[in-house]
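Visitor: sequence plus the predicted model coming up.
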Amino acid sequence: MKLKAILAICFLLGAATFLQAQTVTVDNYFNNETHKDKAGNEVKFHYLWNDKASTGYSIFGQAFTNNGAAVLKTLPEKPTCKNLKGTNIYIIADPDNVGDNPHPNFMDKAAAKAISKWVKKGGVLFLLANDQKNCDLSHFNILAHKFGLNFNNDLILHVIDDNHFADGGISTSGIPMFKTAKEIFIKDACSITIHKKAKAILKDKNGANVLVCTHYGRGTVLAVGDPWLYNEYTNGRLPSIYENDKAANDVAAWLLSKTKQ
């Protein structure tokens, strides 16, 4: 076998090993909601890998595994430098306010410092907020400000009902992140103000920042003002023009491509 062929095979095997080692961790500390199941048991739900109902991230989690590179984990404790070690991608979605949880775990300076240190070393962070009525933005911004971002107390892409889907529609055609999705749907988000090196990937029709990205040290931060890629909007319920299922795969692939640890 020729030397070039041998080197090519070694490179591919090395790349495959690297990809298989990637770990995607979803937060279950700042987002820590529970409800009772049919048997009356208290169970955790909302934006979790194992939540297969409309409220969960099971489809988004599958998008990571479909890209052949993800070990899916959940972090129920406050993030620290120690318990973030070994995670390549960390996702925080819709931190609780008192309406979601009577005793919410708010973001604080210690957690923000640990997370920002992890990103600086090469971690990939995905922040998904929500509108101010459904999310704790004030404390979440302690972390966001580390990266030149601010989740605003406003409401964009407001959708009154299922007869007004178009109000949440955004074209992604020509956006490098979205390799397959051409039109997506995001409902009732908050906008994001950006500073420093942060750049907008998507804007709404009024020019508000919807999806933004920035680099911090060796790491990458992606942020959007809505939990967005949960099962309700990735399972085919939307009109066929909206390709959130493809977007989930596109975003997962993009996040995995940014890992450096």
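Guide: Arrived safely. Numbers count the residues shown, from 1 in each chain.

Visitor: what's near enough to touch Trp49?
Guide: Val26, Gly56, Tyr57, Ser58, Gly61, Leu72, Thr74 (C-beta atoms under 8 Å, 6 or more residues apart in numbering). (Each C-beta comes from the backbone N, C-alpha and C, glycine too.)

Visitor: I'd like to know how many residues surround the fourth one.
Guide: Just to be clear, that refers to Ser58. By other C-beta atoms under 10 Å, the residues close to Ser58 number 19.

Visitor: mind starting the numbering at 478 from now?
Guide: Yep, numbering from 478; the last one is Ser535 now.

Visitor: now do the contacts for it.
Guide: Contacts of Ser535 by C-beta under 8 Å, 6+ apart are Trp526, Asn527, Asp528, Lys529, Asn708.

Visitor: now list the buried members of the residues you listed.
Guide: Trp526, Asp528, Asn708 (16 or more other C-beta atoms under 10 Å).

Visitor: isn't the last one right up against Ala530?
Guide: Spelled out, it's Asn708. Yes: if you go by C-beta atoms under 8 Å, Asn708 and Ala530 touch, sitting 6.7 Å apart.

Visitor: what is the neighbour count of Leu688?
Guide: Residues near Leu688, counting by other C-beta under 10 Å, number 24.

Visitor: so how far is the helix or strand that contains it from its chain's centroid?
Guide: Element membership for Leu688, per DSSP states H and E: strand 686-693. Mean-position distance between strand 686-693 and its chain equals 12 Å (C-alpha atoms, centre = their mean, to the nearest Å).

Visitor: list the strands paired with the helix or strand that comes right after it, with their directions.
Guide: Later in the chain than strand 686-693, the nearest helix or strand by DSSP H and E is strand 696-701. Strand pairing for strand 696-701, using DSSP bridges, gives strand 601-605 (parallel), strand 686-693 (antiparallel).

Visitor: next SSE downstream of strand 696-701?
Guide: Next element after strand 696-701 (DSSP H and E): helix 721-734.

Visitor: can you show me the CA trace of that next one as CSV?
Guide: Only the C-alpha atoms of helix 721-734 are listed here, as CSV (Å, rounded to 0.1, in the frame of the first residue of the first chain):
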residue,chain,number,x,y,z
ASN,A,721,-36.7,22.9,12.0
ASP,A,722,-35.9,19.2,11.9
LYS,A,723,-33.2,19.8,9.4
ALA,A,724,-32.1,22.9,11.3
ALA,A,725,-31.5,20.7,14.4
ASN,A,726,-29.2,18.5,12.4
ASP,A,727,-27.4,21.5,10.9
VAL,A,728,-26.9,23.2,14.3
ALA,A,729,-25.7,20.0,15.9
ALA,A,730,-23.2,19.5,13.1
TRP,A,731,-22.0,23.1,13.3
LEU,A,732,-21.5,22.9,17.1
LEU,A,733,-19.6,19.6,16.8
SER,A,734,-17.4,21.2,14.2
